[in-house]
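[1] Generate coordinates for the sequence data below:
(one chain, ligands or ions: 2)
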Amino acid sequence: MERITLAQGQLFQRKRELEEMSEKLSLSNQELSRLNDMKSKFLSMVVHDVRTPLASIRGFSELMTKRVGAKEAAYLKNIVSSTDQLGRLISDLTDLAMIEAGKLKMEKSVFNFPELAMDVLPGLLINAQKKGVELLLHELPDGVMVEGDKFRLSQVFMNLVNNAIKFTPAGKRVEISFKREGRNIDVLVKDSGIGIHPSETKKIFEKFYQAKYQKDEKLRKQGWGLGLSIAQEIVHSHKGEIGANSPGLGKGSTFWFKIPVGV
Ligand SMILES: Nc1ncnc2c1ncn2[C@@H]1O[C@H](COP(=O)(O)OP(=O)(O)O)[C@@H](O)[C@H]1O
Ligand SMILES: [Mg+2]
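    Ligands and ions are numbered 1, 2, ... in the order given. Have a look, this model is predicted:
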């Protein structure tokens, strides 16, 4: 009898300890989520306050280009392209902040999927030309209607093609194809660039992850490792899939994404 009372007492004590621990955990959970909220708000504030002066630096530099000599114009061109680079980082950070706050909303409409390539192709061709990479677009399938956010999906497409151009040396080629496969439309971007180590083809879709086996430090510094994580988020919000295959380092890569067709 005495033993039972003792055990009951111990049980009661343990229960109280557990309750206290669970209360502490719940408090630190609340604190964590408050800090996370603060981080997201801070990020979007900074992003906004950087974007505005950046636009003015870019605008005035462009205006001045017409009023100065060739040497100064070349300097100004450098300023403009640097602001563009910074602008891209800012919009990636905005997207990241929205994803983390669960506010990256898709504005869906019904559109002919291959249009998304046509809209951004001229810009991509210029990038390829600058780098000396050949960009090849295979024939597009006809009339593939998709319900989705056209702007966001073309952002995914652009990210994959710009990466392919970036990670492919001059003189080589990037090939784009669109294929209707069952209930999906598949987009494939195949390059003949630096390739990916088999252990990293999944990791590169994590935010801020850049492949460690690739030796080119200069290419790494040109980015932040955000593009693919944002692309993945967008594709998943369309109930699609995204991935990368590579036969290995130095052997090129194929990045692909697929989206269900139909409305
Ligand atoms: N076409 C490609 N060929 C080889 N590696 C690539 C390719 N595209 C992406 N990667 C790898 O995936 C990483 C993450 O890509 P991304 O999220 O677009 O970031 P970033 O381009 O800013 O580095 C890159 O740093 C690179 O290591
Ligand atoms: Mg990138």
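
[2] Count the residues that sit near whichever residue of the stretch 51-200 of the chain sits closest to ligand 2.
    Per CB to the ion, Asn163 is where the stretch 51-200 of the chain lies closest to ligand 2, at 4.5 Å. Yep, even glycine has a C-beta here, placed from its N, CA and C like the rest. Using other CB atoms under 10 Å, Asn163 has 22 neighbouring residues.

[3] Now do the strands in the stretch 101-250 of the chain.
    109-112, 134-137, 145-148, 173-181, 184-191, 241-245 (DSSP state E, counting those that start in this stretch).

[4] Deepest-packed of those strands, please.
    Mean neighbour count (mean count of other CB atoms under 10 Å) peaks for strand 184-191 among the strands of the stretch 101-250 of the chain, with a mean of 21.

[5] Which residue is it, in the protein, that comes closest to ligand 2?
    Gly227 (3.3 Å).

[6] which residue packs closest to that residue, ignoring adjacent ones?
    Asn159 (4.4 Å; CB to CB, 6 or more residues apart in numbering).

[7] thinking the one you found is in contact with Ala231, fair?
    Yes. Using CB atoms under 8 Å, Asn159 is in contact with Ala231, at 4.9 Å.

[8] So these two - more neighbours on which side?
    Ala231 (24 against 20).

[9] Nearest residue to that one in space, please, no chain neighbours.
    Val156 (4.4 Å).

[10] so who does the one you found touch?
    231, 234-235, 242, 257 (CB atoms under 8 Å, 6 or more residues apart in numbering).

[11] JSON lines please, covering those residues and showing distance to ligand 1.
    Below are those laid out as JSON lines (distance: CB to the nearest ligand atom, whole Å):
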{"residue": "Ala231", "distance to ligand 1": "8"}
{"residue": "Ile234", "distance to ligand 1": "13"}
{"residue": "Val235", "distance to ligand 1": "13"}
{"residue": "Ile242", "distance to ligand 1": "11"}
{"residue": "Phe257", "distance to ligand 1": "13"}
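
[12] quick check, nearest of those residues to Asp49?
    Nearest to Asp49 among the contacts of Val156 is Ile234, at 25.5 Å by CB to CB.

[13] re earlier: any figure for the gap between the residue of the chain closest to ligand 2 and ligand 1?
    3 Å (CB to the nearest ligand atom, to the nearest Å).

[14] With Lys258 instead?
    For Lys258 relative to ligand 1 (CB to the nearest ligand atom), the value is 18 Å.

[15] go on, Met118?
    From Met118 to ligand 1 the distance is 22 Å (CB to the nearest ligand atom).

[16] Give me the nearest residue to that residue, chain neighbours excluded.
    Leu140 (7.9 Å).

[17] surely the one you found meets Asn112?
    No. Counting by CB under 8 Å, Leu140 sits too far from Asn112 to count as a contact (9.4 Å).

[18] thinking again about what came up before, relative to ligand 1, how far out is the residue of the stretch 51-200 of the chain closest to ligand 2?
    From Asn163 to ligand 1 the distance is 3 Å (CB to the nearest ligand atom).

[19] burial measure for the residue in the stretch 1-150 of the chain that ligand 1 sits nearest to, as a count.
    Closest contact between the stretch 1-150 of the chain and ligand 1, by CB to the nearest ligand atom, is at Asp92 (7.9 Å). Residues within reach of Asp92, counting by other CB under 10 Å, total 20.

[20] picking that back up, ok, the residue nearest to Gly227 - contacts?
    Counted by CB under 8 Å, 6+ apart, Asn159 has contacts 227-228, 230-231.

[21] Redo the residues you listed as CSV? Include pLDDT.
    Output for the contacts of Asn159, formatted as CSV (pLDDT from 0 to 100):
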residue, pLDDT
Gly227, 96
Leu228, 97
Ile230, 96
Ala231, 97
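
[22] Just the residues you listed: which are in helices?
    Taking DSSP state H as the definition of helices, the contacts of Asn159 contribute 227-228, 230-231.

[23] now, the most widely separated pair of those residues?
    Leu228 and Ile230 (7.3 Å).

[24] for ligand 2, what are the nearby residues on the stretch 101-250 of the chain?
    163, 223, 227 (CB under 5 Å from the ion).
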